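Undergrad: Pasted the sequence and its predicted model underneath.
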Amino acid sequence: MNKIIFQIGILLFLFGLAFNSCKSSKEALEITDKERIAFSETVGDTIEIKSDATEYEIIIIEPGFNFWLNSIARPKGFYSQPYLENRNQILVINWNQRVLQPLRFNPNLYELQINYDPNIDYGYDVNFKLYNYFIYFQRKYNQRLGPWLPRI
């Protein structure tokens, strides 16, 4: 009898865990008033992300991103370069998969693939700005490119 009660208890516990893990994958992000200002910008910012040592560059034309990067994003040095490289690798893979699926994902959001090779050292500045663009993009357009919430 105790064995049956114990087994029922385990089943209820497992059912509770399964039920609790079925939350919506899109949790609401708390957007600050300062971010709303950045997101509402209509004048295009052009940010060039490049490294003189590697000859690689990324050009981002996104209204409000420069303001967001300078006033809201974590400062340079907050993240290590290996952290940024690991995150960028995952985010770029997900981004590129969405570019290749225009019927499933908005082709106006995901226009061009990003050629990011994890075996190339792009330098801290390139990785820092690319990572922050991904955070900005996910928060502005309520997207999720990785397994974690895009937090500041």
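TA: That came in fine, so what should we check first?
Undergrad: which residues does residue 76 contact?
TA: 124, 125, 128 (CB atoms under 8 Å, 6 or more residues apart in numbering). Every residue, glycine included, has its C-beta placed from N, CA and C.
Undergrad: Specify the local secondary structure of it.
TA: Assigned with DSSP: H, G, I helix; E, B strand; the rest coil, residue 76 falls in the coil class.
Undergrad: and it, how far is that from residue 33?
TA: 24 Å (CB to CB, to the nearest Å).
Undergrad: Okay, helices next: where are they in the chain?
TA: Ranges of helices in the chain, per DSSP state H, are 2-20, 33-39, 65-71, 81-99, 124-141.
Undergrad: Could I get those in TSV, plus columns for distance to residue 112, mean pLDDT and mean neighbour count?
TA: Conversion of those to TSV gives the following (distance: least, CB to CB, whole Å; pLDDT from 0 to 100; neighbours: other CB atoms under 10 Å):
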stretch	distance to residue 112	mean pLDDT	mean neighbour count
helix 2-20	39	53	9
helix 33-39	21	74	15
helix 65-71	16	88	18
helix 81-99	7	97	16
helix 124-141	13	93	20
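Undergrad: What does the closest residue to residue 35 other than its chain neighbours show for phi and psi?
TA: Of all residues not flanking residue 35 in the chain, residue 72 sits nearest, at 5.9 Å (CB to CB, 6 or more residues apart in numbering). As for residue 72, its main-chain torsions (degrees, to the nearest 10) stand at phi -120, psi -40.
Undergrad: wait, what's in contact with residue 72?
TA: By CB under 8 Å, 6+ apart, residue 72 lies in contact with 32, 34, 35, 38, 152.
Undergrad: swap in residue 31?
TA: By CB under 8 Å, 6+ apart, the contact set of residue 31 is 39, 139.
Undergrad: let's go with 7 Å and repeat that
TA: residue 139 (CB atoms under 7 Å, 6 or more residues apart in numbering).
Undergrad: distance of it from residue 141?
TA: Distance of residue 31 to residue 141, computed by CB to CB: 11 Å.
Undergrad: for residue 111, same thing?
TA: When distance is defined by CB to CB, residue 111 is 13 Å away from residue 141.
Undergrad: And residue 129, by the same measure?
TA: 18 Å.
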